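*Asks:* here is my input, please return the structure:
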Amino acid sequence: MPKTAIFIPAYQAEQTLASVFERIPEGFWPDVAQVFVINDGSTDGTDRVGRELAERYPRTTIATQPDNRGYGAAVRRGLRLCGETGADFVVCLHADGQYPPEKLPEFVPYMAERGIDVLQGSRHKSGTAREGGMPFYKVVAGHVLTWLENKTFGLQMTDYHSGFMLYSRKAVESIPFEDLSYYFDFDLEVIASARARGLVVDELGIPTLYGDEESHLNPIWYGLRCLRVMARYRLGRYA
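*Replies:* From the prediction side, this is the model:
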């Protein structure tokens, strides 16, 4: 079986981080090369919880940023560390538990069998967005942006804005992650960079789960940055 490295960007995740580990299916753990918790300058007990988890899950490493550097910076560091393991696939799980670790035994073989380089979990593909608590304005805004993004990138995706991302080793080695955003549009820049390099991008449906966690994303600023990514792609900036 292919080996998978996992990284978890974590900011103020003291209450939710442990459940992410516990939700990784037991049968998947033998295929996990390493787990990195990227503590992005949290001021709560995230670091303590992470170290407790490292004792329970021996292939776990805590990488702590001295201050909060932003989502893109945490993901960059996670990708860099996972790339050094030589794993066949790399997974980004969010520490708030919004994205499903339970799907890993389905997603990784799907990538391996079909030669997928970047696989994104879609909250809209299976029609679970509203049922899972996604605010109506986010559903509408997401559909508008997705229509534009499909026109821009030449794909037929249903959701470009999920943070549940999986990467092949080829993607990790060829996409210039260090040049990408520090903000939440990092994932969209990954897709833009992948398309510019002829890598295979796809999606699979995931359940939608909106809990009580605090969002650190400004929707207006995020939408503007997504438009900026599309414009830059049209100008050939990701080639």
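*Asks:* every contact and neighbour count from this point should use C-alpha atoms.
*Replies:* Fine.
*Asks:* buried ones in stretch 106-114?
*Replies:* 107-108, 111 (16 or more other C-alpha atoms under 10 Å).
*Asks:* okay, and for the protein, where does confidence drop off?
*Replies:* Flagging of the chain using pLDDT under 70 yields the residue ranges 127-138, 210-216.
*Asks:* before we move on, the earlier item: show me which of the buried residues of stretch 106-114 is closest to residue 162.
*Replies:* residue 107 (14.6 Å; C-alpha to C-alpha).
*Asks:* and that closest one, that's in a helix?
*Replies:* Yes: looking at residue 107 with DSSP: H, G, I helix; E, B strand; the rest coil, it is inside a helix.
*Asks:* which residues does it contact?
*Replies:* 119, 204 (C-alpha atoms under 8 Å, 6 or more residues apart in numbering).
*Asks:* quick one: it from residue 30, how far?
*Replies:* 16 Å (C-alpha to C-alpha, to the nearest Å).
*Asks:* picking that back up, turn the buried residues of stretch 106-114 into a markdown table, columns for distance to residue 193.
*Replies:* Formatted as a markdown table, these follow (distance: C-alpha to C-alpha, whole Å):
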| residue | distance to residue 193 |
| --- | --- |
| 107 | 21 |
| 108 | 21 |
| 111 | 18 |
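*Asks:* now, which of the residues you listed sits nearest residue 233?
*Replies:* residue 111 (24.8 Å).
*Asks:* SS state for that closest one?
*Replies:* Secondary structure, three-state DSSP: residue 111 is helix.
*Asks:* my read: it touches residue 117, true?
*Replies:* Yes: the pair residue 111 / residue 117 is scored as a contact, 7.1 Å apart, by C-alpha atoms under 8 Å.
*Asks:* can you get me a residue count around residue 18?
*Replies:* When neighbours are defined as other C-alpha atoms under 10 Å, residue 18 has 18 of them.
*Asks:* which residues does it contact?
*Replies:* With C-alpha under 8 Å, 6+ apart, residue 18 has these contacts: 49-50, 53.
*Asks:* who does whatever helix or strand residue 140 lives in touch, helix- and strand-wise?
*Replies:* Using DSSP states H and E, residue 140 maps to helix 136-153. In terms of contacts (3 or more C-alpha pairs under 8 Å, 6 or more residues apart in numbering; DSSP states H and E), helix 136-153 is packed against helix 219-234.
*Asks:* buried stuff in the helix it packs on?
*Replies:* 225-226, 229-230, 233.
*Asks:* same check, this time on stretch 36-44
*Replies:* Within stretch 36-44, judged by 16+ other C-alpha under 10 Å, the buried ones are 36-42.
*Asks:* got those residues as JSON lines, with distance to residue 162 columns?
*Replies:* What follows is the buried residues of stretch 36-44, written out as JSON lines (distance: C-alpha to C-alpha, whole Å):
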{"residue": "36", "distance to residue 162": "20"}
{"residue": "37", "distance to residue 162": "19"}
{"residue": "38", "distance to residue 162": "19"}
{"residue": "39", "distance to residue 162": "20"}
{"residue": "40", "distance to residue 162": "20"}
{"residue": "41", "distance to residue 162": "23"}
{"residue": "42", "distance to residue 162": "22"}
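*Asks:* among those, which are located in strands?
*Replies:* Assigned to strands by DSSP state E, the following of these qualify: 36-40.
*Asks:* just the closest of those to residue 177, please.
*Replies:* Looking across these and measuring by C-alpha to C-alpha, the closest to residue 177 is residue 38, at 15.9 Å.
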